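Asks: whatever this is, show me its structure:
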Amino acid sequence: MKKLLLAGKAILGAGLIILFLQSCKNETKQEDPKEVAEDANEAKFDTIDSKEDDSEFLVDQAEINLAEIEIGKLAQTKSTNPEVQKFGKMLVDEHTKSASEVSALAKTKNFTLPTTLTEEGKDEYNKLNEKSGVDFDKKFADMMIDGHEKAIDKLQKASKDATDEDVKLWATNNIAGLTAHLEHAKLLKQKLDKK
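Replies: Presented below is the predicted three-dimensional model:
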């Protein structure tokens, strides 16, 4: 009887340890930086919807800049095509400048921004990193076209709908630059499609 009782306690103890380890394991998963920033802004501006919309726009811009910088770096190191490498360098330079502007603007508005690559950004980076040679270059060009089209749409929307005049002005002033990136990406794609 005593052995049975001890065996029962041992099984119960082992079960509790497993439960404890499971819960610890679940707690270590980091939240996506974009979600953290959006939650922080939502909490700050819960009663002011217009500020929340403007903060979401800047969070999106920060996310775009972080992704473009990392993908630009990848293009410079992984591609063997000088035009892709040059485009990658331009992305790093331009989006680093944009990231600094967005960060400064967000700071004046008391908005929280993601400071590391988001889950979606990591996924896109990994998909591109799996490719090599001409496949890498073509995937890069496709991503640049798709990404810049989406970014331009967000800028155009914010240039009309943002309630904060500084946010609206920043969005308006950045449409031309991203449109130039998009045109460059389309030309690059045309050249790569001939290969």
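Asks: element containing the residue nearest the centre of the chain?
Replies: A centroid search over the chain (C-alpha atoms, centre = their mean) returns residue 63, at 3.4 Å, as the residue closest to the centre. Per DSSP states H and E: residue 63 is located in helix 49-78.
Asks: report all helices and strands that that helix contacts.
Replies: helix 33-44, helix 82-109, helix 119-129, helix 133-161, helix 165-193 (3 or more C-beta pairs under 8 Å, 6 or more residues apart in numbering; DSSP states H and E). C-beta here means a position set from N, CA and C on the backbone, and glycine is covered the same way.
Asks: if I look at the closest residue to residue 121 other than its chain neighbours, how far off is residue 117?
Replies: Nearest residue to residue 121 in three dimensions, chain neighbours excluded: residue 67, at 3.9 Å (C-beta to C-beta, 6 or more residues apart in numbering). Distance of residue 67 to residue 117, computed by C-beta to C-beta, to the nearest Å: 6 Å.
Asks: residues touching the residue nearest to residue 121, list them.
Replies: By C-beta atoms under 8 Å, 6 or more residues apart in numbering, the contact set of residue 67 is 117-118, 120-121, 124-125, 147.
Asks: now these in TSV, with pLDDT and neighbour count?
Replies: Converted to TSV, the contacts of residue 67 look like this (pLDDT from 0 to 100; neighbours: other C-beta atoms under 10 Å):
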residue	pLDDT	neighbour count
117	91	20
118	89	21
120	90	12
121	91	23
124	93	19
125	96	17
147	93	20
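Asks: surely residue 188 is in contact with residue 139?
Replies: No - here residue 188 does not reach residue 139: they are 12.0 Å apart, not a contact under C-beta atoms under 8 Å.
Asks: those two: which has the busier surroundings?
Replies: Using other C-beta atoms under 10 Å as the criterion, residue 188 and residue 139 rank with residue 188 on top: 21 against 18.
Asks: if you rank every helix and strand of the chain by mean pLDDT, what lands last?
Replies: helix 2-27 (a mean of 44; mean pLDDT, DSSP states H and E).
Asks: what is the burial count for the residue nearest to residue 164 when sequence neighbours are not counted?
Replies: Nearest residue to residue 164 in three dimensions, chain neighbours excluded: residue 54, at 4.7 Å (C-beta to C-beta, 6+ apart). By other C-beta under 10 Å, the residues close to residue 54 number 26.
Asks: can you check the one 5 residues further on too?
Replies: Applying other C-beta under 10 Å, we find 25 other residues in the vicinity of residue 59.
Asks: what do you get for residue 111?
Replies: 26.
Asks: what's the pLDDT at it?
Replies: Listed pLDDT for residue 111 reads 90.
Asks: domains for the protein, by residue range?
Replies: As given by automatic domain parsing, the domain ranges for the chain are 1-30, 32-193.
Asks: just name the most buried of those.
Replies: domain 32-193 (a mean of 17; mean count of other C-beta atoms under 10 Å).
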